[in-house]
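Participant: following is a predicted model, sequence given first.
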Amino acid sequence: MTRAASSGRSDRLSAVTASRSRPPNAPDFRGFDVEEIFGENTFGYSEMKARLPKGIFRRLMATIETGSELDSSMADAVALAMKEWALERGASHYTHWFQPLTGLTAEKHDSFLTPSDPGRAVTEFSGPELIQGEPDASSLPSGGLRTTFEARGYTAWDPTSQAFIIEGKAGATLCIPTAYSSWGGEALDKKIPLMRSLHALDEQTRRALRLFGVESKRVKATLGPEQEYFLVAQEFYYRRPDLISAGRTLFGARPPKGQEMEDHYFGAIPDRVLEYMQTVEAELYRLGVPVKTRHNEVAPGQFEMAVIYEEANMAADHQQLTMSTLRRVARDFGLVCLLHEKPFAGVNGSGKHLNWSMATEDHNLLEPGETPHENMQFLFFCTAVLRAVERHQDLLRASAASSPGNDHRLGANEAPPAILSVFLGDQLTDIFEQIADVGAASSSKGGGLLGLGVKVLPDLPKHAGDRNRTSPFAFTGNKFEFRALGSSQSISFPATVLNTIVAESIDQLCEVLEIEVGNGVEFSDALRKVLADEVPAIRRIVFNGDGYSEEWTEEAEKRGLLNLPSTLDALPRLLDEKNEALFGRYGVLSKRELESRYEILLQRYFHTINIEGETSEEMARTMILPAAVRHLNELLRTLEGAEGAGIEVGGVKRLAQEAAGLIGELEEAVRALGEQNAKEGGDDLGSKAQHMRENIIPAMNAVRGVVDRIEKVVPDDLWPIPTYRDMLFLR
């Protein structure tokens, strides 16, 4: 074996051996009591009640439960109790934990330690330190809200989300969920707009409930996100520059077996993966995150977890904790968690389904009940949601365009298409058709019982409608499931959009109802009239068929529905006049704040594709081409030796010609990609982003096409990077 071949074997095949033999290095949570550990690392209500004076506890709970104004005079008492609790749990530092416009979380740690007498120190944490922090605002994305030299930013304590402890091997840190704003008060984070939208939804929904004769302290949006992810061995990850830099594989030939056998979905969870999942769950339980389900997903190496519904602000914080915990714990098992929407071509990508509803303190407002045609309150709120989706398809689509990663899956046969439609199921569709046709509904289709034809098996309650996995926005029993989100994105902005558009819809419906009632019309009659007037206009958004089909694309166009297939098609819609007016009317985002989000997302698109383009060129030049040349050299040496011995080796000659041809194709494709990478694409950000889509992406695809063909002919011991077969099936 040549030196080159030996080097190749040690590079890649040693990684296969290492990935299989790496022992776990994780905490042992076997036999833990879920009830006992749940929330033990959070400064939750029980801790607050035990440690705070009764009067302060009651005032703080009033703020949390009803959204009343925070009384800052109680901050010193809360800070003292929080500090004592954190010190008891081994914390030496605290941080204002916030969610900047990177889509991730950020933190700056400060010690509790304060010097006192010479050579001595005490631990201190005051109310002002709890309420406000001052991080640098110049180096985090602001989309033009701050210039580089304007560095001041503020973090503000969010009392509605519980403080928590993050433990490390050498200590612990108290994390205080906070909002993040500029010196001028503009929102520089995901949390402030979300909380503003929750206030708007609460205000308008309680207004509607009063018309129904219902008084509620507060209406909350509830969220239950589902998180899909891939796991790969850490050894493979570090041997793939594309995974390190781009989070996805830029090259990789499809293996003989992918997901065609459909044997991974809901299959037995591999041992190491199950141990990893159990450890992640234990960590999240301790942080008060109500993890509910875990299972194998469709693609090999792909998995999913989901949580029980929570109040939206808390759920958004917990979702960020979930993503960071998935990533952090994986390393203890010799794994890397990939949250990219499409880390592997040819198999399913990863999404994040956002289950959304709204509820009072004791009732889910989207619960249809046994006879939904008679449940006028449910029909009102369901109509409001449908109306909101119909009028704001563009905003919902743009809210799922947080990165170009989602472009690889939206509209494919693995994810909901980029056309926004609503699946209602047979029962609700029938009810709304009755309202549209005759002005009122008089019956509801029943589900009945499902007999399985075996006496020992029970008859199962049958739902009144099936599920539709091709719908981007589906009613699923007592909630709506927004399925177009990408796996890596924060859920805060999609939730902000949902809350705001539904608040507007309820506001406008209430205005009509109030006028009718003010004119002496009975409320029940006014409500029927409003529903009868509204439902025909929203019929076009309801679709229960196959969202992947070409027929639906044609039908959607006839209905006048938007089709925004890519990030660059969707993002400009954020700045439409109607959307600026919407966010401004409810105080969710100012015009400047909305423009900043657009600029940041556009910049993220540009930087993401730029990184991918340069990584693709570098890997092809320094890894793939040399491997192909080594392969050709071995073939040429074989030919030379055979000719000297008088042996006919026509097959080897044909292999050499094939290799030489592929090398020529790859060199030409890499050179073309390099030329495009060297270009800026224009002076403004929009032109640069268009250059990425129109020139860099096609040039990358051309390089990949050749590389994946070369992988099929270069000997295994010469191939320099782990293959799909290695990464997807060795767990």
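Facilitator: Now that the structure is in, tell me what you want to look at.
Participant: for the nearest residue to Ala474 once chain neighbours are set aside, give me the pLDDT.
Facilitator: Of all residues not flanking Ala474 in the chain, Phe423 sits nearest, at 3.9 Å (Cβ to Cβ, 6 or more residues apart in numbering). For the C-beta atoms, the positions are set from N, CA and C on the backbone; glycine is no exception. pLDDT recorded at Phe423 is 91.
Participant: so Phe423 makes contact with Phe480?
Facilitator: No - with contact defined as Cβ atoms under 8 Å, Phe423 does not count as touching Phe480 (9.5 Å).
Participant: got the contact list for Pro135?
Facilitator: By Cβ atoms under 8 Å, 6 or more residues apart in numbering, Pro135 lies in contact with His96, Phe98, Ala106, Lys108, Gly153, Tyr154, Thr155, Tyr180.
Participant: can you do 7 Å?
Facilitator: Lys108, Gly153, Thr155 (Cβ atoms under 7 Å, 6 or more residues apart in numbering).
Participant: again, but for Ala556
Facilitator: Per Cβ under 7 Å, 6+ apart, neighbours of Ala556: Ile419, Ser421, Asn563.
Participant: tell me which of the residues you listed fall in helices.
Facilitator: Taking DSSP state H, every one of those sits outside helices.
Participant: ok, of the contacts of Pro135, which come out buried?
Facilitator: Among the contacts of Pro135, those classed as buried by neighbour count (16 or more other Cβ atoms under 10 Å) are Gly153, Thr155.
Participant: out of the contacts of Pro135, which is nearest to Thr102?
Facilitator: When the contacts of Pro135 are compared for distance to Thr102 (Cβ to Cβ), Gly153 wins out at 13.6 Å.
Participant: now Asp242. Nearest residue, chain neighbours left out?
Facilitator: Counting by Cβ to Cβ, 6+ apart, Leu250 is the residue found nearest to Asp242 once chain neighbours are left out, at 4.1 Å.
Participant: any figure for the gap between the one you found and Pro241?
Facilitator: 9 Å (Cβ to Cβ, to the nearest Å).
Participant: highest neighbour count among the contacts of Ala556?
Facilitator: Ser421 (27 neighbours; other Cβ atoms under 10 Å).
Participant: wait, isn't that residue in contact with Phe543?
Facilitator: Yes - counting by Cβ atoms under 7 Å, Ser421 does reach Phe543; the two are 4.0 Å apart.
Participant: hmm, back to that, quick one: contacts for the residue nearest to Asp242?
Facilitator: Asp242, Glu612, Thr615, Ser616, Met619, Met700, Arg704.
Participant: restricted to helices, list these.
Facilitator: The helices in this structure, assigned by DSSP H, contain Asp242, Glu612, Thr615, Ser616, Met619, Met700, Arg704 from the contacts of Leu250.
Participant: which ones are touching the third one?
Facilitator: When the contact criterion is Cβ under 7 Å, 6+ apart, the partners of Thr615 are Pro241, Asp242, Ser245, Ala246, Leu250.
Participant: ranges for the helices of the stretch 401-550 of the chain?
Facilitator: 425-438, 492-518, 523-538, 550-559 (DSSP state H, counting those that start in this stretch).
Participant: adding distance to Arg294 as columns, could you present those helices in a markdown table?
Facilitator: A markdown table is the format used below for those (distance: least, Cβ to Cβ, whole Å):
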| stretch | distance to Arg294 |
| --- | --- |
| helix 425-438 | 27 |
| helix 492-518 | 23 |
| helix 523-538 | 37 |
| helix 550-559 | 33 |
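Participant: between those, which gets nearest to Arg254?
Facilitator: Closest among those, using Cβ to Cβ: helix 550-559, at 24.2 Å.
Participant: state the next helix or strand along the chain beyond the closest one.
Facilitator: helix 567-570 (DSSP states H and E).
Participant: helices or strands up against that following helix?
Facilitator: Helices and strands touching helix 567-570, by 3 or more Cβ pairs under 7 Å, 6 or more residues apart in numbering; DSSP states H and E: there are none.
Participant: give me that answer again for 10 Å
Facilitator: Under the contact definition 3 or more Cβ pairs under 10 Å, 6 or more residues apart in numbering; DSSP states H and E, helix 567-570 sits against helix 393-399, helix 591-619, helix 685-691.
Participant: tell me which of these is the most buried.
Facilitator: Highest mean neighbour count of these: helix 393-399, a mean of 24 (counted as mean count of other Cβ atoms under 10 Å).
Participant: coming back round to it: overlap of the contact sets of Leu250 and Pro241?
Facilitator: Contact criterion Cβ atoms under 10 Å, 6 or more residues apart in numbering; residues shared by Leu250 and Pro241: Thr615, Ser616, Met619.
Participant: ok, back up a step: make CSV out of the contacts of Thr615 and add pLDDT.
Facilitator: Below are these laid out as CSV (pLDDT from 0 to 100):
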residue, pLDDT
Pro241, 97
Asp242, 97
Ser245, 97
Ala246, 96
Leu250, 98
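Participant: neighbour-wise, give me the winner out of the residues you listed.
Facilitator: Going by other Cβ under 10 Å, Leu250 tops the contacts of Thr615 with 23 neighbours.
Participant: SS state for it?
Facilitator: Secondary structure, DSSP: H, G, I helix; E, B strand; the rest coil: Leu250 is coil.
Participant: verify the stated contact: Ala384 with Glu504.
Facilitator: Yes - if you go by Cβ atoms under 10 Å, Ala384 and Glu504 touch, sitting 9.1 Å apart.
Participant: how about the helix or strand where Thr178 lies: buried residues?
Facilitator: Under the criterion of DSSP H and E, Thr178 resides in strand 171-182. Buried residues in strand 171-182, counted by 16+ other Cβ under 10 Å: Ala172, Thr173, Leu174, Cys175, Ile176, Pro177, Thr178, Ala179, Tyr180, Ser181, Ser182.
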